[in-house]
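how does the following fold in three dimensions:
(8 chains, ligands or ions: 10)
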Amino acid sequence: MIEKTAISIPTEGAMGKTGTWRVFKPILNKEKCVRCWRCWVFCPDLAISRGDYPVIDYEYCKGCGICANECPTNAIKMEREEK
Amino acid sequence: MIEKTAISIPTEGAMGKTGTWRVFKPILNKEKCVRCWRCWVFCPDLAISRGDYPVIDYEYCKGCGICANECPTNAIKMEREEK
Amino acid sequence: MAIKDLPTEEYILKGHAGCPGCPVTIALRIALKALGRKTILVIPASCSAVIQSLHPKTSFNVPTLNIAFEASAAAASGIASALKMLGKEDIIPVVWAGDGGSYDIGLQALSGALERGTNFIYVCYNNQMYSNTGIQRSGATPYGAWTTTTWSGKKEMEKNLAEIVMAHHIPYIATATIAYPEDLYKKMKKAREMKGPRYIEILCPCPPGWRFDMSKTVEMSRLAVQTGAWILYEIINGKIEFTADSKRLLEGKERKPLEEWLKMQGRFRHLKEEDIQKIKESIDKKWEFFKQMNLRQKL
Amino acid sequence: MAIKDLPTEEYILKGHAGCPGCPVTIALRIALKALGRKTILVIPASCSAVIQSLHPKTSFNVPTLNIAFEASAAAASGIASALKMLGKEDIIPVVWAGDGGSYDIGLQALSGALERGTNFIYVCYNNQMYSNTGIQRSGATPYGAWTTTTWSGKKEMEKNLAEIVMAHHIPYIATATIAYPEDLYKKMKKAREMKGPRYIEILCPCPPGWRFDMSKTVEMSRLAVQTGAWILYEIINGKIEFTADSKRLLEGKERKPLEEWLKMQGRFRHLKEEDIQKIKESIDKKWEFFKQMNLRQKL
Amino acid sequence: MLKEIIFYGRGGQGAVTAANLLASAALKSGNRGVQAFPFFGAERRGAPVKAFARISNEEIFLRSQIKEPDIVVVLDTGIMDVIDVTAGLKKDGIILLNSYKKPVDFSFPYKVATVDATSIALKNDIRVGGIPVVNTPMVGALVRILNGVKLEALKEAIRERFGKIAEKNERAVEEAYNKVIL
Amino acid sequence: MLKEIIFYGRGGQGAVTAANLLASAALKSGNRGVQAFPFFGAERRGAPVKAFARISNEEIFLRSQIKEPDIVVVLDTGIMDVIDVTAGLKKDGIILLNSYKKPVDFSFPYKVATVDATSIALKNDIRVGGIPVVNTPMVGALVRILNGVKLEALKEAIRERFGKIAEKNERAVEEAYNKVIL
Amino acid sequence: MIVVDTGNHIAALAAKMAKPHVIAAYPITPQTTVVERLAQYVESGELNSEFIRVESEHSAMTACIGAAAVGARTFTATSSHGLLLMHEMLHWAALARLPIVMVNVNRAIGPGWNIWSDLNDSMAQRDTGWIQFYASSNQEIFDNVIQAYKIGEDERIRLPVMICYDGFILSHTSMPVEVPKQEEIDDFLNEYKSTWQLDINNPITHGNIVPPEPYLEIRYSMEKAMKEAKKVIEEVGEEFGRKFGREYRLVEEYRCDDADYVIVTMSALAAEAKIAVDRLRDKGNRIGLIKLRTYRPFPHEYLKYDKMIVIDRAFSPGLGGIIYSEMEMDGKEVYGFIAGLGGVDINYKDIEKMYEYAKKGKDGWYGIEVK
Amino acid sequence: MIVVDTGNHIAALAAKMAKPHVIAAYPITPQTTVVERLAQYVESGELNSEFIRVESEHSAMTACIGAAAVGARTFTATSSHGLLLMHEMLHWAALARLPIVMVNVNRAIGPGWNIWSDLNDSMAQRDTGWIQFYASSNQEIFDNVIQAYKIGEDERIRLPVMICYDGFILSHTSMPVEVPKQEEIDDFLNEYKSTWQLDINNPITHGNIVPPEPYLEIRYSMEKAMKEAKKVIEEVGEEFGRKFGREYRLVEEYRCDDADYVIVTMSALAAEAKIAVDRLRDKGNRIGLIKLRTYRPFPHEYLKYDKMIVIDRAFSPGLGGIIYSEMEMDGKEVYGFIAGLGGVDINYKDIEKMYEYAKKGKDGWYGIEVK
Ligand SMILES: Cc1ncc(C[n+]2csc(CCOP(=O)(O)OP(=O)(O)O)c2C)c(N)n1
Ligand SMILES: Cc1ncc(C[n+]2csc(CCOP(=O)(O)OP(=O)(O)O)c2C)c(N)n1
Ligand code: SF4
Ligand code: SF4
Ligand code: SF4
Ligand code: SF4
Ligand code: SF4
Ligand code: SF4
Ligand SMILES: [Mg+2]
Ligand SMILES: [Mg+2]
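Residues are numbered from 1 along each chain as shown, chains lettered A, B, ... in the order given. Ligands and ions are numbered 1, 2, ... in the order given. I've put the predicted structure just below:
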């Protein structure tokens, strides 16, 4: 292509590692988890994937706390990020 | 006013004597007229006024024939204009 | 009210540029009788812009602002706000727009003005096509009608703008048509006396566009109502009332056969039986919708 | 269908530019699961244009056309026609527009595309304001809500776009919201399998705009339904069905008190009792309207 | 040599079509340069209108309106009350009128030709909405007056343009061609 | 003399407000030229952001961004993992950090100052949604470092801008001014 | 084959022969008959295209953009207020580098409504990044539309192209036009292959936020394409000449060789000006004419005569005649006339008068300042 | 009183102090805070105006036109795509001779979306008949908005006025601004008396079809007003100077007296350029600066230096830098640079470099063709 126009390519981390935006951090307590996958479906940042148990990708989790708020068993807790 | 812009002034006969557009001409037969004023209300060209009987203004009547068509008593006839 | 009781004041002057037999001039003439002189007309590109005649003369005798095709309701908004600030709220801005300028290119400005509760009257005179540019299809063109952009007949059903306006829940909505001048006059008058956004749509059969003889303009209008193709009603604060012959049809009077109306129009000449059936069904549906609406209210 | 049955395919990539707790990304993520890869997104100016991240990268993994704010439905029309001519009708253009781009500046293009019977899906994700430019009122902003152009609360009732769309009589109309992902998924899927114009509106509670804590996005969505402020339904060829919790409310389940929802939102903090009353009434009216519609159908 | 012609008529009478037919016929008759165009306005049925035509054996570069015609063609003499159809007409210009009268009955300081196009139209059943359409017979008569445009070419132009109603128009054209009084 | 300052923080932390407060205070302290502006981008809550301020005793004609600051102010040291806050910093520049640590605990090749703005904010109950807002104490500390901006002027700027929450911010500013470690 | 038809019908015919996949248009006087004719072609099956009957010109251009973005060849037509309403999307089409072809029938801008020709509508779009052609005959309308596809779609260009011509003066005037055979056109125009498109197998995003530096490059790339376009337009014009016997360049020079004065103008006025030149030459004046065929890119390189008389049918309020203001005047004597706005009829006699004025050192608004 | 605030808030403040009857506006980055602030003024009762929350910019401009047509003073603000969407109505407002005042916050045009400053948006409106000012400081924003009402409403002018300033660079930058007292502003601006309006006692029609000849006169009347505006702008600028101590003309000349080279530019770049001039002078170069305050009408009369260096933050594809292309170059050496598109940061060092290039006879796209 010779002409330049505003074409962009799908890229993971297009805005960088957005985990750095986080102030609070979700911590999973597997014991409590019933694998209902609500945390997975509601995460706006695709930071939870479906393994045996939810796997949180801290590189991209922005720490919104929706997962914790929506978890029916309180298996996720938000903790102040220590830096 | 100093600036020129597209301002127009209300004027009778703004398009000239539109009676000249006419091909057929409405002729009133007073005998038949019941003064229902349908011809008056429907004339698109304001060419019929309300006197004792309808008065047709041939200077502006475009000869559409609505008055004749709408007259309940056939008191108006359209005739070929002779020129 | 009888025809003879309509005021004799006129706000249009003789010798205008309308076609012989033009329905729009009839409608505007009657409307202005009801609106009176404290009216500012706002007119988008349309036949009504042409009817005024050429600068430096005009055939309209109320202040009139011509405005871009898609912009009439926005211009009226500005006028309404300015009149308020200038202490002239006795004057009413009235948009007088064609179906093209209302159903299609002017819809957004209209919807915005309705949502903002603009204090104005919006009149859509509906001749079911772009007539000023020489008969192209509009959103209001009925199914099957020939236009110069639908040579073999329009493939889609028409939009129903009044229904769209209903979804805005404004104080006053009405339909009218020229064959019922008292009805039109009364509705305009009623609208004039209210506040907030008011919408009136007037069916205007156009001889060159619909392809019928210019003497039949009013007849075509009447037949549209009597065959049920056009329904006359008003909706005041959500409450619907049917008027004139439509009321009679609702109350059980028989509709004239639709064919009577269709056959008189050159634009429908090519229709096949199944097309006519399709149109009939859509009219039945419309009646059903309104009947239900009427019924619901009675519940 | 349970959450676990939703496909694990994703068409959005991690590390996008959405705010933490953004409802729009949740909605789009789920929608794309249903729409699949044979989708072309059309996105007008909005938060969704920003969420994509900066050129030369994008966080969206389906072909996406950004387009001017008022133009998305028109762009989709062009795409739909082109796909037809190019023999690629298995691909569907999907407009993904905010409420500003749908209720206000994009309404006309939307209405035109609906009337033409365009083969596309139009999704309006409704966060009830212009959030991308920093929280200004839109036609969808509810009565009383604070925005940066309605400091003392919006004075007008919101438009109801779904109702306007209904007046266009298209094959499929539905409402949804993020707290009900299975419901959203099913509706998208159903729409995907139909032809002609399809409209889906998704309520998206936005933390910075509505002024609530970012962890409550889904909760706010759920409460909107459970208090009756947002109604979930679908209309297939004119026939309405209520879904999820709204169906339950219709069937007699009690609505949660509206205050529960209002009080959690900073934008409503200043509301007086009579304002709340007014909102409640308008919600009651909406339910009444839909109930009647439902009833009518059963007749 | 350039010939410039103005057609006067009423909206709906087909003055523009007349000019176009003439242009097509002229090209078919071997003229390299032809033009036909309406007076650029918003015409309404019944209102006076005009149309222009140019014919030349060379390419025509003129893009302006015709101010000094060689010939004026009047489709409807009624409009002569409102419009001076001789305005700008060249000294040796010709006026072709649709009239049952004879040229001598008119007192223009120009050459006059007449043809009763209305009767010809009625006779050949060329009408729209009951009203006779006189444009084709008028062009037929005009071709007779003009040098360099052939009747056969005009008929061909009519066949190309009119489809199934061509035939009666051809007849009318021929009749007018023969009946025009100079 | 022109002083150029960059504030680093996160979207939502009020870096722009900090720059604006500084500018107002500087004007009130008699500087003719002041400027405050954000880095021109679409900022999201939590994402790293920056804001700029300029102070001078003459009118400022600069309209470009600050590339070589005299001072950088870091509202949230967390972002130092992602951003090089010393980029462009003048040789004799100063870094002011929001940290409970001491300057010596940092190994920048620049002068470092620290203030525990988070604790000061919490102590004075300056929070939004539970999170401490550190912008005002950071400006308090900055004023101490800068020549030519008066603490009293900053307090006045805060009063003008903040209305009823001014008081606690004034207290925080004063505390930070006193507690900054150079 | 020679066809006698109006400029609008000829434009529609040319568009049809270029076989666009998608046409989206909205009616406006005096463009309307272009759209009507195309609708007819499509409905009769003579043209296999999707015709989108949009609800506004903004949407017409947007629909073309959408269609072009998935790789379709597109066409639209408009005029005056329709063009103005497209303004935002004109910029868009150009920056997106989509070779949309559009016909604009020049018409004056309101208020008051004025349906007659002047060039203010399209010249006010001079900064949108569209290549612009102005035609002075129906033949040129045809030839320009065909060439527009070849030029716009050229890999070195990829810019949208606007073909402008005077409302009524050409749009409604029948003239003879030589029309090639469909096969010849097919052969001349290759099949369109877009260089970028929305494709499910390569899911790019077009148009998300672009930071300053890449934005500058995108802009510069447009400018490079415009520069390149000068070459490509002449190449294509030459090939067209070889195939069809009518060669085209950026400008047409008429009797300029030994000229003391050269008239510079475009559109229908340029045809009328030929007559003026001939007549003035007959009277012994050494005068020539440069007709700008292309207005964007602007053919500065051809405007190097010592004494030039520019006739503008458009002006920029607060600046002057538009072509005039873009001339490089270093060391030249240039006279500028503004004439024919709002459809005021300008004929060769008027142009001869302008020449007389220029010789006396006068210029300005013709008919007002000089008359 | 001295206020430190952003360009947008200052614009809103100035608009408020001019007391418009009607404000109609639509939000767009980076103009948004103008609208927000005005909404706040109106809702708090500080400003007695009708604020119309329109549904698009096309409607914003139209609502102002409607309001002005019944005699109201109006204000609006926009940016970039919002301005482009108004294009049709910009022409309309000017031809209707309505002295609407609008702020445009300059922002680059998409696609891709770019929210940063360049002047392509407003310069592409150069043919619409609007008077255009470009500000380089927040003080100028304030002063220009106030003067805009006086100039536009002057009976000799009656044209709409656009005040442009760079997005973010001014719109979001706080600077000190001297704000007069309300009474002083009231005194400076007389009450607005429209010369034509829709009036039930004199029921004129505005804008119906206008035949060619009167249309030409309407157009010419605009041009006369633009010419007149040069005088009026300087008169008003002088009066402003007398009242408020800051005098304004069409341009601002900075150290031009003995200059060999003069930089010509406008907007924020012109402020930055002062620094470059000072620094170059310090190094012994005889260089000056002309800042265009007014871009329409175009102040040709001030651009008469032998060697000029034009810096454009906008360009016309297929032509070049826009200011550059409008210069009368007869016998002058003019160097044109295109710089800072899409918000690319340009500082005094860059401007110094351009000077060095110009001395070597080079010009072009800064950062690409010359870097
Ligand atoms: C932006 C724009 N597009 C197109 C036009 C051309 N135009 C003028 S009037 C008209 C049709 C009007 O139709 P309608 O509103 O139904 O009114 P009618 O002519 O039927 O009275 C059109 C397409 C225009 N003036 N402006
Ligand atoms: C013509 C035009 N006007 C205004 C804007 C500025 N603008 C961009 S996004 C936006 C608001 C979008 O609101 P909405 O559609 O509700 O989407 P959201 O931001 O809420 O996701 C506005 C006003 C624009 N880009 N183009
Ligand atoms: S929401 Fe809670 S219980 Fe459900 S999967 Fe996630 S962590 Fe487990
Ligand atoms: S905190 Fe938010 S972003 Fe992080 S995993 Fe939970 S839902 Fe996802
Ligand atoms: S319509 Fe007939 S009866 Fe009635 S007033 Fe007229 S002429 Fe008389
Ligand atoms: S013929 Fe038509 S115009 Fe004449 S009076 Fe009757 S209704 Fe009126
Ligand atoms: S075309 Fe129809 S609506 Fe328009 S003026 Fe003529 S009759 Fe009236
Ligand atoms: S402002 Fe709201 S809708 Fe927009 S990205 Fe942020 S959370 Fe999402
Ligand atoms: Mg219509
Ligand atoms: Mg929104």
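
which residues in chain A form strands?
If DSSP state E is used as the criterion, the strands of chain A fall at A:7-10, A:24-28, A:48-50, A:54-56, A:76-80.

mean neighbour count and distance to residue H:44 added to those, as a markdown table?
Using the backbone N, CA and C atoms, a C-beta is placed for each residue, glycine as well. Formatted as a markdown table, the strands of chain A follow (neighbours: other Cβ atoms under 10 Å in any protein chain shown; distance: least, Cβ to Cβ, whole Å):
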| stretch | mean neighbour count | distance to residue H:44 |
| --- | --- | --- |
| strand A:7-10 | 21 | 43 |
| strand A:24-28 | 19 | 37 |
| strand A:48-50 | 18 | 45 |
| strand A:54-56 | 19 | 46 |
| strand A:76-80 | 15 | 39 |
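
show me what contacts residue G:279?
G:348, G:352 (Cβ atoms under 8 Å, 6 or more residues apart in numbering or on different chains).

one more time with 10 Å, if that's ok
G:285, G:287, G:348, G:349, G:351, G:352 (Cβ atoms under 10 Å, 6 or more residues apart in numbering or on different chains).

what distance do you get for it to residue B:40?
59 Å (Cβ to Cβ, to the nearest Å).

among the contacts of residue G:279, which ones are buried?
When neighbours are counted using 16 or more other Cβ atoms under 10 Å in any protein chain shown, the contacts of residue G:279 contain these buried positions: G:285, G:287, G:348, G:351, G:352.

and which of the residues you listed is nearest to chain F?
Nearest to chain F out of the buried ones among the contacts of residue G:279 is residue G:351 (Cβ to the nearest Cβ; 48.8 Å).

surely residue E:111 is in contact with residue E:104?
No - taking contacts as Cβ atoms under 10 Å, residue E:111 lies outside contact range of residue E:104: 11.6 Å.

how about the helices in the stretch 51-200 of chain C?
All helices of the stretch 51-200 of chain C, identified by DSSP state H, counting those that start in this stretch, fall at C:72-85, C:107-115, C:161-166, C:181-193.

can you give me the helices for the chain?
No chain was given, so I picked chain A. For chain A, the helices defined by DSSP state H cover A:38-42, A:66-70.

meant chain G actually
G:7-17, G:32-44, G:57-69, G:80-95, G:120-123, G:138-153, G:182-188, G:212-244, G:268-282, G:322-326, G:348-359.

check these for me and report the most buried one.
Among the helices of chain G, helix G:57-69 has the highest mean neighbour count (mean count of other Cβ atoms under 10 Å in any protein chain shown), at a mean of 31.

just want the angle from that helix to helix H:80-95.
Orientation of helix G:57-69 against helix H:80-95 (axes from the mean of the first three to the mean of the last three Cα atoms, to 10 degrees) gives an angle of 140 degrees.

next, the angle helix G:32-44 makes with helix G:57-69.
Going by the same axes, to 10 degrees, helix G:57-69 makes 50 degrees with helix G:32-44.

then helix G:57-69 to PDB, C-alphas only?
The C-alpha coordinates for helix G:57-69 follow below in PDB (Å, rounded to 0.1, in the frame of the first residue of the first chain):
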ATOM      1  CA  GLU G  57     -26.200  14.200   0.900                       C
ATOM      2  CA  HIS G  58     -24.300  13.700   4.100                       C
ATOM      3  CA  SER G  59     -25.400  10.100   4.000                       C
ATOM      4  CA  ALA G  60     -24.800   9.800   0.200                       C
ATOM      5  CA  MET G  61     -21.200  10.500   0.700                       C
ATOM      6  CA  THR G  62     -21.000   8.400   3.800                       C
ATOM      7  CA  ALA G  63     -22.600   5.500   2.100                       C
ATOM      8  CA  CYS G  64     -20.000   5.800  -0.700                       C
ATOM      9  CA  ILE G  65     -17.300   5.800   1.900                       C
ATOM     10  CA  GLY G  66     -18.700   2.700   3.600                       C
ATOM     11  CA  ALA G  67     -19.000   0.900   0.300                       C
ATOM     12  CA  ALA G  68     -15.500   2.000  -0.800                       C
ATOM     13  CA  ALA G  69     -14.100   0.900   2.500                       C
END
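
does it come close to ligand 2?
No - Helix G:57-69 is not in contact with ligand 2 by Cβ under 6 Å from any ligand atom; minimum separation 10.1 Å.

about what we covered before: just the closest of the buried ones among the contacts of residue G:279 to ligand 5, please.
residue G:348 (56.2 Å; Cβ to the nearest ligand atom).

what's the pLDDT at the closest one?
Per-residue pLDDT puts residue G:348 at 98.

residues contacting it?
Contacts of residue G:348 by Cβ under 10 Å, 6+ apart are E:61-64, G:269, G:271-280.

which of those sits closest to residue E:126?
residue E:62 (32.0 Å; Cβ to Cβ).

show me what the nearest residue to residue G:312 once chain neighbours are set aside is bridged to.
Nearest non-adjacent residue to residue G:312, counting by Cβ to Cβ, 6 or more residues apart in numbering or on different chains: residue G:321, 3.2 Å away. Beta bridges link residue G:321 to residue G:315, judged by DSSP bridges.

show the pLDDT at residue G:321.
97.

what's around it, how many residues?
23 (other Cβ atoms under 10 Å in any protein chain shown).

shouldn't it be in contact with residue G:354?
No - using Cβ under 10 Å, residue G:321 is not in contact with residue G:354, being 11.8 Å away.

if we can go back for a sec, okay if I get the helices of chain A as TSV plus mean pLDDT, distance to chain F and mean neighbour count?
Listed next are these as TSV, based on pLDDT from 0 to 100; distance: least, Cβ to the nearest Cβ, whole Å; neighbours: other Cβ atoms under 10 Å in any protein chain shown:
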stretch	mean pLDDT	distance to chain F	mean neighbour count
helix A:38-42	98	18	24
helix A:66-70	98	14	24
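
wait, which of these is closest to residue G:196?
Across the helices of chain A, closest to residue G:196 is helix A:38-42 (Cβ to Cβ), at 34.3 Å.

can I get the closest one as CSV, trimmed to CA atoms?
Included here for helix A:38-42 are C-alpha records, laid out as CSV according to Å, rounded to 0.1, in the frame of the first residue of the first chain:
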residue,chain,number,x,y,z
ARG,A,38,-19.5,-14.3,36.6
CYS,A,39,-16.1,-12.7,37.2
TRP,A,40,-15.0,-13.8,33.7
VAL,A,41,-18.0,-12.6,31.8
PHE,A,42,-18.2,-9.2,33.5
